[in-house]
Structure formats: C-alpha cells, structure tokens
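K.L.:
What shape does this take:
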Amino acid sequence: MSLQVPATGYPFPFQGTLKPSETAIVVIDMQLDFCTEGGWVASFTDALPLMREPIAPIIRILDAARAHKMTIIYTREGHRSNGSDLTAVKTYRTRLAYNGAAVGESTALGRVLTRGEPGHEIIPELRPHPEDVIIDKVGSGCFYATEMEHILRHRGIKNLIFVGVTTECCVHTSMREAADRGFDNLLLEDATAAVTPELKTAAIDIIRDPSTLFGTVGTSNDLIAVLQSYPVEHV
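P.N.:
Numbers count the residues shown, from 1 in each chain. The predicted model follows:
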C-alpha cells in the first residue's frame, strides 16, 4: 500500500508512503500573544480573526495524528524574563512594525513574547499533551539555538508537516531551516495564517513552486484522509 498526501508541487512525502513513525506535526507559535484577545496581535491590529482561523483545522489534524502516535512538536517564541537574549535590533524592528508594541513590552497578557508571561503559553484549544515536545525558541526558525534537530534525529523523523503562525515569518523560516537539514516538508495551507493575507499568499506560493526547494503545499483534509486510510494497528 502506497499512500501519499496530494500536494503541489509534489505528493508528500517524496519517497512514497507516508509513515507516521517517520513523520512529525510541527505546530508553530500558536500562542496567546498571537492568537487570543489581550495578546500582542490583538493590541495592534484587528486581524485576530485571521490568526484564529487555523485553530479548527489544527485540532482535527492533531486528533488524526495522535490516533497514530505521531510525534507532535509545539514551538513557542519567547525571551528570557530578564531580556538578556533579546537583541536591540529585534526590539527596534518590532516597535517599528507593530505600532509601538515591541517585544518585551506590556499588554493585557503580560510582556510580549516573554517566557513565564501568560501570553507566551500555547492557546488552550491546542494545549499540548504530556507526551508532546515543546521547543522554546528566541528566533523565527525552530532550529536556531534549539534542540529541534537533535530530537528529530533521535526519533528517526524524516518528514515534517507544518502548521501555525505566521506563514511568512516563523513558519516559512522553519521550513527553510528544515529543508537545509534534509527534511521533507509539507505546509498545510488552511492550517496557517498571517496578519496580512497577501503575505500568507506570497509565502505559500513560494513554497508551492518546486524550484524553491523548501517543500510542498497541501490541505488538512487531504492529510487526514490519508491517515484515516491506515488501520491504527497497521502503524
């Protein structure tokens, strides 16, 4: 039996049958600061509904993945409470881009993207299970200065399925990092979001084009249909 997820620009994974034991779901930065009232995004834009659109498909994806005991990895962007790992240029850029609300400054959910603050946590709708992996990162990509690659290699993971926010920044950067390390990558386009829809579209189009070499693009329904084709005991 050969089962691949239909996708553009190529079916996933490229080697053939999707093996849950060799595949991980990577949930990028579905944190309160990005995805709920009182958080960072809600403090500077009315785009919060866009950022919450991936929640429902991600819930379905995780349910299907857990049925096959797939590795699930959550990332959280955030800095040390004393700000010792927060660069001056990141503070400047985020203040410039987000109407004065820089990383490390306060919103209703505490200091923005700061570890230990309420806004740093994963949203309750997607609360990790005890067996899931949580990667805390200081940058956009999930490999930079983290244990991500070590954990994946240790578990024999070859294929990564990306969901989360934001499409053009942390999701895109993580996929590029993964591609450079030899992982096969699938982005589920209905399970990712951006504050600016045009940037989401552009980011997905970049990945969809095979010439960019970062991965391929599919949908949550197609992934779930493939997983449901396997008897649980088969995998």
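K.L.:
Point out where the chain drops to low pLDDT.
P.N.:
By pLDDT under 70, the low-scoring segments of the chain are 1-2, 100, 232-235.
K.L.:
Kindly recompute the last result at 50.
P.N.:
The chain contains residues with pLDDT under 50 at 234-235.
K.L.:
Centroid-nearest residue for it?
P.N.:
With distances taken as C-alpha atoms, centre = their mean, Ile28 lies nearest the centre of the chain, 2.2 Å away.
K.L.:
Could you check how far that residue is from Leu86?
P.N.:
20 Å (C-beta to C-beta, to the nearest Å). Where you see a C-beta, it was placed from the backbone N, CA and C, and this is true even at glycine.
K.L.:
cool, and Ala101?
P.N.:
On the measure of C-beta to C-beta, Ala101 and Leu86 end up 14 Å apart.
K.L.:
Do a quick rundown of the strands in this structure.
P.N.:
23-28, 71-77, 106-107, 110-111, 133-137, 159-165, 184-193, 216-218 (DSSP state E).
K.L.:
Generate CSV for the ones you listed, with distance to Arg60 as supplementary columns.
P.N.:
Converted to CSV, those look like this (distance: least, C-beta to C-beta, whole Å):
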stretch, distance to Arg60
strand 23-28, 11
strand 71-77, 13
strand 106-107, 30
strand 110-111, 30
strand 133-137, 20
strand 159-165, 11
strand 184-193, 9
strand 216-218, 14
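K.L.:
Figure out which of these is closest to Glu125.
P.N.:
For Glu125, the closest of the strands of the chain is strand 23-28, at 11.4 Å, according to C-beta to C-beta.
K.L.:
between the strands of the chain, which gets nearest to Leu50?
P.N.:
strand 184-193 (5.4 Å).
K.L.:
just how off-centre is that closest one within its chain?
P.N.:
8 Å (C-alpha atoms, centre = their mean, to the nearest Å).
K.L.:
do the same with stretch 58-69
P.N.:
Worked out by C-alpha atoms, centre = their mean, stretch 58-69 lies 15 Å from the chain centre.
K.L.:
Flag every buried residue along stretch 209-223.
P.N.:
214-220, 222-223 (16 or more other C-beta atoms under 10 Å).
K.L.:
what's in contact with it?
P.N.:
Contact partners of stretch 209-223, identified using C-beta atoms under 8 Å, 6 or more residues apart in numbering, comprise 5-12, 57-58, 60-61, 64, 161-163, 172, 175-176, 178-179, 184-191, 204, 206-208.
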